[in-house]
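A.B. asks: Just a sequence and a predicted model for now, questions to come.
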Amino acid sequence: MTQQKKFDYTIKQDANTWSAEITRRVSARRSSVSKQQDGFATEALAIEWATAELAGFLEKQKQANARKSERRSERNAQAEKAAAAKEAANEKFLAKREEARARALEADDDEELDYDYDEE
């Protein structure tokens, strides 16, 4: 399997003008045009524009990815904090329930001791 770049550019000639496109690889079989410019007089001008735009496009994408990563890490930290709080509340509830159960068993044992089986 060949590896292709996620973002690249293509240069096309239409009659006597050139056009440049910034493309994004969507899947192995499909690509999408993210940005395009028509009307270049020479191929060199089209390539120059495409390389400059691609560099800017990739830098912008890198910054967006960094922002998303930061938000994701904040979201994950909040989720972990909420899960820890929920677990602590659950532990507290289970401890309280076990304590109540133990008190109920003690009270039940005390009642059995008061009852005299020999008297009828």
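C.D. replies: Sure thing, it's come through.
A.B. asks: mind checking how far the residue nearest the centre of the chain is from Lys62?
C.D. replies: Note on the chain: the residue nearest the mean C-alpha position is Arg72, at 5.6 Å, using C-alpha atoms, centre = their mean. Separation of Arg72 from Lys62 (C-beta to C-beta, to the nearest Å) stands at 15 Å. Heads up, the C-betas are built off the backbone N, CA and C, glycines and all.
A.B. asks: Likewise for Trp18?
C.D. replies: 28 Å.
A.B. asks: And Ala95, by the same measure?
C.D. replies: Separation of Ala95 from Lys62 (C-beta to C-beta): 49 Å.
A.B. asks: what's the answer for Ala55, then?
C.D. replies: To Lys62, Ala55 is 11 Å away according to C-beta to C-beta.
A.B. asks: Thr51 now?
C.D. replies: According to C-beta to C-beta, Thr51 and Lys62 sit 17 Å apart.
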